[in-house]
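S.K.: Sequence and predicted structure below; questions after.
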Amino acid sequence: MNNIFANSLSGLPLINNGRSRAINAENLTGQKGEGGKASSHLGPSRKGSPCIRDIKSGDTVLLGEIDGPGVIQHIWITVPSKVNDKNPFVLRDLVLRIYWDGEDIPSVESPLGDFFCCGFGEGCLVNSMPIAVNPNRGMNSYFSMPFHKKARVTIENQCEETIPAFFYQIDYCLYDSLPAETGYFHAQWRRQHITEIGKDYVILDNVKGKGLYVGTYMALSTLERYWWGEGEVKFYLDGDKDYPTICGTGTEDYFGGAWSFATYDSAGKMHETNYCTPFLGYPFYSAKDHTVVNDYHNDDAPPMRGFYRWHVMDPIRFEEDIRVTVQQIGVSHRGLFERQDDISTVAYWYQMEPHEPFTPIMDAKKRWPR
């Protein structure tokens, strides 16, 4: 029983009573011995149904419904990032939701791309322990997602157009039982188009119960000049009101960098440096719009930056409640200043169910990047 979650190199030799299964478009129920049965022009069981085709605007598709006890171990998804020039933000238009044990409200709700650390409706390469994104938009999650009774995974198409092809696979393991203290995986997306002067941006709030915070993804569009990263990330735990129990030293410090990620070229000009490590990363930077190319299109965009921080080796544990915020503070040659930017985040955590309902996710067009 105790080695159910021992998925590491050192724990691989431990044999347990798990039964491996997978759901994809060729085995929608994940049943034993039912994979790859669909026929194509090549014949039976020759890639007859590799993807879900033509998800119409407004439709919600059931990707998988699994009776427990079990643990989702890996999710792989890929999808076209653009339908046409009018609808180039498919990764923000599709909404991923996951429900546990028959609940009507989701425990995971996020635009598809942001969940996999690809904000701004644009794919990027991510090389980390729980999230990996490979060419081209091969999006992978290795977060362990246990459930006692049932798991339900859906995707909603909030794009104005039909999504022609959606490829995915959900790999999971069934067990006779799970430990009583097993927590449930949660993830929530938020955005504030223009932060308020002197008021911290809220990454996560209204979480009640016992659990642990395990990660943050941030998609930041800077709307003011000069250095943007002096804001401190704060964790208010178990009744904290005015001041948090954990307060960091700066935004780039929280994501594992230092000194503004500075690298200087041969001309002495500073450039921020992208990086990916197992638990901390800055995989994306761009000040250009890559979605549309024509003679009448100005491709300048506010500088866009994507970051992740996984609290795998240092989870933030709470007994009663948790609130996570980040300040918007910059610095220039005149010193520190309060600033306003455009921030989107995904918070990742585990807790015991039931959970508090999420604030309704904003409409698709309001999720689009600047």
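M.R.: Thanks, I have the structure now. Numbering: from 1, shown residues only.

S.K.: residue contacts, the residue lying closest to residue 145 once chain neighbours are set aside?
M.R.: Distance criterion CB to CB, 6 or more residues apart in numbering; nearest residue to residue 145, sequence neighbours excluded, is residue 72 at 3.9 Å. All C-beta spots, glycine's among them, are computed from the backbone N, C-alpha and C. Applying CB atoms under 8 Å, 6 or more residues apart in numbering, we find residue 72 in contact with 66, 144, 145, 146, 147, 151, 153, 170, 171, 172.

S.K.: same thing with residue 193?
M.R.: Listed by CB under 8 Å, 6+ apart, the contact set of residue 193 reads 342, 366.

S.K.: same check, this time on residue 167
M.R.: Counting by CB under 8 Å, 6+ apart, residue 167 touches 24, 25, 50, 51, 52, 77, 78, 79.

S.K.: Out of these, which sit inside strands?
M.R.: Of the contacts of residue 167, the ones assigned to strands by DSSP state E are 24, 52, 77, 78.

S.K.: which residues touch the residue lying farthest from the centre of the chain?
M.R.: When distances are taken from the C-alpha mean of the chain, residue 43 lies farthest, 38.0 Å away, according to CA atoms, centre = their mean. Contact partners of residue 43, counting by CB under 8 Å, 6+ apart, are absent.

S.K.: With residue 37 instead?
M.R.: The contact partners of residue 37, taken as CB under 8 Å, 6+ apart, are 26, 27, 44, 45, 48.

S.K.: for residue 32, same thing?
M.R.: Counting by CB under 8 Å, 6+ apart, residue 32 makes contact with 19, 21.

S.K.: one step back: tell me which of the contacts of residue 37 is nearest to residue 365?
M.R.: Using CB to CB, residue 26 comes nearest to residue 365 of these, at 34.1 Å.

S.K.: Need the per-residue pLDDT for that closest one.
M.R.: pLDDT recorded at residue 26 is 94.

S.K.: Leaving out sequence neighbours, find the closest residue to the residue nearest to the spatial centre of the chain.
M.R.: Nearest to the mean C-alpha position of the chain, by CA atoms, centre = their mean, lies residue 115 at 1.9 Å. In space, and not counting its chain neighbours, residue 115 is closest to residue 96: 5.4 Å by CB to CB, 6+ apart.

S.K.: Can you mark which positions in the helix or strand encompassing the one you found are buried?
M.R.: Assigned by DSSP states H and E, residue 96 belongs to strand 94-100. Neighbour-count burial for strand 94-100 flags 94, 95, 96, 97, 98, 99, 100 (criterion: 16 or more other CB atoms under 10 Å).

S.K.: Please list the outside residues in contact with that strand.
M.R.: 79, 105-113, 115, 145, 147, 149-159, 163, 184-185, 353, 361.

S.K.: Which of the residues you listed fall within strands?
M.R.: If you go by DSSP E, these have 108-111, 145, 147, 150-157, 163, 184-185 in strands.

S.K.: Now do the end-to-end distance for stretch 258-268.
M.R.: One end of stretch 258-268 sits 19 Å from the other (CA to CA, to the nearest Å).

S.K.: Residues contacting it from elsewhere in the structure, which ones?
M.R.: 227, 229, 252, 270, 271, 272, 273, 275, 282.

S.K.: In JSON lines, list those residues along with distance to residue 13, secondary structure and pLDDT.
M.R.: Below are the contacts of stretch 258-268 laid out as JSON lines (distance: CB to CB, whole Å; DSSP: H, G, I helix; E, B strand; the rest coil; pLDDT from 0 to 100):
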{"residue": "227", "distance to residue 13": "49", "secondary structure": "strand", "pLDDT": "96"}
{"residue": "229", "distance to residue 13": "43", "secondary structure": "coil", "pLDDT": "97"}
{"residue": "252", "distance to residue 13": "40", "secondary structure": "helix", "pLDDT": "97"}
{"residue": "270", "distance to residue 13": "48", "secondary structure": "strand", "pLDDT": "88"}
{"residue": "271", "distance to residue 13": "45", "secondary structure": "strand", "pLDDT": "90"}
{"residue": "272", "distance to residue 13": "43", "secondary structure": "strand", "pLDDT": "92"}
{"residue": "273", "distance to residue 13": "39", "secondary structure": "coil", "pLDDT": "96"}
{"residue": "275", "distance to residue 13": "33", "secondary structure": "strand", "pLDDT": "98"}
{"residue": "282", "distance to residue 13": "36", "secondary structure": "strand", "pLDDT": "98"}
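
S.K.: For residue 8, state which of those residues is nearest.
M.R.: residue 275 (23.6 Å).

S.K.: ok, the closest one - how many residues close by?
M.R.: Counted by other CB atoms under 10 Å, the residues lying close to residue 275 total 13.

S.K.: Quick check: closest non-adjacent residue to it.
M.R.: Residue 275 sits nearest to residue 282 (CB to CB, 6+ apart), 5.6 Å away.

S.K.: Quick one: neighbours of the one you found, just the number.
M.R.: With other CB under 10 Å as criterion, residue 282 counts 21.

S.K.: residues touching it, list them.
M.R.: 255, 257, 261, 272, 273, 274, 275, 276, 305, 306, 307.

S.K.: Recalculate using a threshold of 10 Å.
M.R.: Residues in contact with residue 282 (CB atoms under 10 Å, 6 or more residues apart in numbering) are 218, 252, 255-257, 261, 272-276, 305-308.

S.K.: Contacts only, for the residue nearest to residue 142 when sequence neighbours are not counted.
M.R.: With CB to CB, 6+ apart as the criterion, residue 142 has its nearest non-adjacent residue at 5.0 Å, and that residue is residue 130. Applying CB under 10 Å, 6+ apart to residue 130 gives the contacts 117, 140-144, 214-215, 278-279, 308, 310, 312, 348.

S.K.: Thanks a lot, catch you later.
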